[in-house]
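K.L.:
pasting the sequence and the predicted coordinates here, then a few questions.
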Amino acid sequence: MWWLLVACKIPSPPGPPPADALEAPVPMAAPAPPPEPEPTTPTEPAYAATVLRVAWAGAVDAPPAVTRTREEARTLAIALRARAAAGEDLGALARAHSDEPLGRRGGQLGVWRTGTMVDGLERAVAGTPVGDLAAVAETPYGWYVARREAVDGRRFGQIHVAHAGSWRARTDRTEGDAHDLAALALARLERGEPLSEVAQAVSSGGAADADLGPLVRGQWIPALEDAADALGPGGRALVHSPYGWHVVVRLDGQAGD
């Protein structure tokens, strides 16, 4: 009967498989970047933004030192947007990383009239609430990280009178003479003469100085920004800057505005 016992012997439980037989864990795929939202058709007359540009080699007006590819530029733009979304100051990021010349002033693009900005950037900003970051936008100039800013509805004009020693001046007029000429221009305005006519006759920029558009913080001379910011509707101020003497005029709120 021994042969029956051998035939019926219960096999011992199998041991652990050899180490090389264990299946390696399946690597997790990196999450794909979120899809970009559909572009929004601009519906407002003007927009404003702070921007950071990440160019790639071959993009329009890309700095010569840029060697990254289009996809590398997109990856960097997404990473910089994430940093801004996490609380880092977009202006500081623009000063450190932007390939746009205005990055030096914190990326303040200011106000533009609808239809005058590169399409991909304008549509991204138009689809974003004021104060929020837009989706990373592709343009022929590179990828943009943008924060929509409020449009300041106040409009301003000026009369500018340069003098010898003021920045970029090409005149031998003394500072005192420049002050007196600017003061006379202010007196003409106060008598009711049109700003465009006085600017054409007196201002360094001619009639074009009569409408500078909205106040754009960071793009104007600080002395002019401060003077303009303090003016009420229709107000005027005589102010000096490194460029010379200025009569700053707030246009909105005037008769016929």
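P.N.:
Perfect, I can see it now.
K.L.:
what's the closest non-adjacent residue to Leu76?
P.N.:
Val54 (5.1 Å; CB to CB, 6 or more residues apart in numbering). C-beta here means a position set from N, CA and C on the backbone, and glycine is covered the same way.
K.L.:
backbone torsions only: list them for that neighbour.
P.N.:
phi -120, psi 100 (degrees, to the nearest 10).
K.L.:
now it: how far from Asp99?
P.N.:
Using CB to CB, to the nearest Å, one obtains 6 Å as the distance from Val54 to Asp99.
K.L.:
now for the two: what residues contact both?
P.N.:
Gly142 (CB atoms under 8 Å, 6 or more residues apart in numbering).
K.L.:
more crowded one of those two?
P.N.:
A count of neighbours by other CB atoms under 10 Å puts Val54 above the other of Val54 and Asp99, at 29 against 22.
K.L.:
find me the pLDDT at the more buried one, would you?
P.N.:
Looking at Val54, its pLDDT is 98.
K.L.:
bridged to it, which residues?
P.N.:
Trp143 (DSSP bridges).
K.L.:
run through the stretch 1-150 of the chain and note the low-pLDDT ranges.
P.N.:
1-40 (pLDDT under 70).
K.L.:
for it, which segments count as strands?
P.N.:
Here the stretch 1-150 of the chain has its strands, by DSSP state E, counting those that start in this stretch, at 46-54, 108-113, 137-139, 142-149.
K.L.:
need the ones you listed in a markdown table (columns: distance to Arg168).
P.N.:
Below are these laid out as a markdown table (distance: least, CB to CB, whole Å):
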| stretch | distance to Arg168 |
| --- | --- |
| strand 46-54 | 27 |
| strand 108-113 | 21 |
| strand 137-139 | 31 |
| strand 142-149 | 29 |
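K.L.:
to Gly157, which of these lies closest?
P.N.:
Nearest to Gly157 among these is strand 108-113 (15.3 Å), distances taken as CB to CB.
K.L.:
partners of the closest one, with directions?
P.N.:
In the sheet, strand 108-113 lines up with strand 46-54 (antiparallel) (DSSP bridges).
K.L.:
now the strand it pairs with: buried residues?
P.N.:
46-54 (16 or more other CB atoms under 10 Å).
K.L.:
can you lay out those as a markdown table showing distance to Thr67?
P.N.:
Below are the buried residues of strand 46-54 laid out as a markdown table (distance: CB to CB, whole Å):
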| residue | distance to Thr67 |
| --- | --- |
| Ala46 | 36 |
| Tyr47 | 32 |
| Ala48 | 32 |
| Ala49 | 27 |
| Thr50 | 26 |
| Val51 | 22 |
| Leu52 | 19 |
| Arg53 | 16 |
| Val54 | 13 |
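K.L.:
Met117: which of these is nearest?
P.N.:
Among the buried residues of strand 46-54, and counting by CB to CB, the member closest to Met117 is Tyr47, at 7.2 Å.
K.L.:
mind listing what's buried in stretch 111-123?
P.N.:
Under 16+ other CB under 10 Å, the buried positions of stretch 111-123 are 111-112, 117, 120-123.
K.L.:
which of those residues fall in helices?
P.N.:
120-123 (DSSP state H).
K.L.:
can you put the residues you listed in TSV and add distance to Gly107?
P.N.:
Below are those laid out as TSV (distance: CB to CB, whole Å):
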residue	distance to Gly107
Gly120	17
Leu121	12
Glu122	16
Arg123	19
